[in-house]
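# Mind folding the following:
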Amino acid sequence: MSETATSAGPAPEAPGAYGPTDLTVPTRGRPKASYDRALVHSILDEAYVCHLGFVRDGRPVVLPTLYGRVGERLYVHGSTGSRPLRMAGGGPAADPGLPVCLTVTHVDGLVLARSAFHHSVNYRSVVVHGTARQITDPDEKLAALDALVDHVVPGRSADSRPADAKELAATAVLALDLAEVSAKVRTGGVNEDPDDLRLPHWAGVIPLVTRYGTAIPDKDLDPSVALPGYLAAL
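Modelled structure (predicted):
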């Protein structure tokens, strides 16, 4: 995987597929694996939370965090005092950065079989391996923070106060390029042993759906401020 200097701009979109590597080829369920770029992007863009894994003092650590995608780069943010962000550096391009593994998962359905062994879930997941680097370029940092806000609700960054100098100084942003990437998807119904088909147990799929609820205004919101159209459309 190529390394990117912290002052570089967002990596561009690219067509086709990611190349499989030793880290991205699963040992089990290989038919479920995909390296399709469009599929990977769709899974990433639909989720809100990723899990960022790294090694600290010889022990594995996994942290849930928000993220955003700009082209072929993911951004995650946190406090400048956060241990993983300090470990990711922020100095010269020669800084080794922080080796990480980032994952995103959607659960789309519960697959209930007649036998306990064949129970499963329908899911879509992405695993990204790479070296995370702290962003030091001011323009990229601002763009990354806008991307993080717009990932939660598209259009929100233009409808909120941007970070001021004090907030920017207290916020660190990590960049992780999409290079060693794989998706894994399970769809469909029950995979059952033929001998179990006559068992008197219900079998099938219970879909799981995420939806938006009714917006709840803040108790201190000025009554004259109406719900924006982009939020009402959710």
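# Tell me the helices and strands packed up against the lengthiest helix in the chain.
In the chain, taking DSSP state H as the definition, the longest helix is helix 138-152. Where contact means 3 or more CB pairs under 8 Å, 6 or more residues apart in numbering; DSSP states H and E, helix 138-152 is packed against strand 59-70, strand 73-79, helix 165-170, strand 171-177. C-beta: built from backbone N, CA, C; applies to glycine.
# wait, which of the ones you listed is closest to Glu140?
strand 171-177 (7.7 Å; CB to CB).
# for stretch 193-211, the distance to its chain's centre please.
30 Å (CA atoms, centre = their mean, to the nearest Å).
# can I get the CA coordinates of it in PDB?
Presented in PDB, the C-alpha positions along stretch 193-211 are these (Å, rounded to 0.1, in the frame of the first residue of the first chain):
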ATOM      1  CA  ASP A 193     -29.400 -29.500   5.600                       C
ATOM      2  CA  PRO A 194     -31.900 -31.600   3.600                       C
ATOM      3  CA  ASP A 195     -32.600 -33.900   6.600                       C
ATOM      4  CA  ASP A 196     -33.800 -30.800   8.600                       C
ATOM      5  CA  LEU A 197     -36.400 -29.600   6.100                       C
ATOM      6  CA  ARG A 198     -39.200 -31.700   7.700                       C
ATOM      7  CA  LEU A 199     -38.500 -30.400  11.200                       C
ATOM      8  CA  PRO A 200     -41.500 -28.600  12.800                       C
ATOM      9  CA  HIS A 201     -39.600 -25.300  13.400                       C
ATOM     10  CA  TRP A 202     -40.300 -22.000  11.700                       C
ATOM     11  CA  ALA A 203     -37.500 -21.000   9.300                       C
ATOM     12  CA  GLY A 204     -37.000 -17.800   7.200                       C
ATOM     13  CA  VAL A 205     -35.700 -14.300   7.300                       C
ATOM     14  CA  ILE A 206     -36.700 -11.400   9.500                       C
ATOM     15  CA  PRO A 207     -35.600  -8.200   7.700                       C
ATOM     16  CA  LEU A 208     -34.000  -5.400   9.700                       C
ATOM     17  CA  VAL A 209     -34.600  -1.800   8.500                       C
ATOM     18  CA  THR A 210     -33.100   1.500   9.800                       C
ATOM     19  CA  ARG A 211     -35.400   4.500   9.400                       C
END
